[in-house]
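Visitor: Give me a model of this one.
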Amino acid sequence: MPITVRQALLSEIFQVRWEVLRPNRPREVAEFPGDEAPETIHAGAFDHTGMNIACATLTRVDWKPIDPLGEHTAPQPAWQLRGMGVIPAHQGTGVGQSLLATLESDETLKGITVSKGDELIVLEVDPQRNVCRVTRELT
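Guide: Numbers count the residues shown, from 1 in each chain. Reported below is the predicted structural model:
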């Protein structure tokens, strides 16, 4: 069955984010800072019936890189991947990979180019919340 991956409204993807990433918890724990910011990008994968089966959100953040001496340098703009999830029936099928590829190629990223083989910097991993924040320096 065909899968459509596209930018989406928060309201279109929120249910999957909540059910996959915050199961059995109050709805508000799936609301993230920056969700409503105009530069935030929400995307989803939708099956042939239009049902949302995967979600992801990119928000703008100020990343404070650390130099070789361990000191924070001036903040730089970056994108933070948040709230990415795939419903269990579609996990392992490549839907999440397609969703990331769509986000990486989106013109809305305002001049940020990410190509196959580019290195991303893992800023933080929180296994308790199933969250990983990645970026790369912007030119």
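
Visitor: Can you tell me the centre-most residue of the protein?
Guide: Leu81 (3.2 Å; CA atoms, centre = their mean).

Visitor: Which neighbours in the sheet does the host helix or strand of that residue have, and how are they oriented?
Guide: Element membership for Leu81 (DSSP states H and E) is strand 76-86. Strands that pair with strand 76-86, judged by DSSP bridges, come out as strand 52-63 (antiparallel).

Visitor: how about the CA coordinates for stretch 72-81, as PDB?
Guide: Extracted in PDB, the C-alpha atoms of stretch 72-81 (Å, rounded to 0.1, in the frame of the first residue of the first chain):
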ATOM      1  CA  HIS A  72      31.000  26.700  25.200                       C
ATOM      2  CA  THR A  73      31.300  28.900  22.200                       C
ATOM      3  CA  ALA A  74      28.800  31.400  20.800                       C
ATOM      4  CA  PRO A  75      25.300  29.900  20.200                       C
ATOM      5  CA  GLN A  76      24.500  28.800  16.700                       C
ATOM      6  CA  PRO A  77      21.100  28.200  15.100                       C
ATOM      7  CA  ALA A  78      20.300  24.500  14.700                       C
ATOM      8  CA  TRP A  79      17.300  22.200  14.200                       C
ATOM      9  CA  GLN A  80      16.200  19.900  16.900                       C
ATOM     10  CA  LEU A  81      14.400  16.700  15.900                       C
END
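
Visitor: pLDDT of it, averaged?
Guide: Averaged across stretch 72-81, pLDDT comes to 79.
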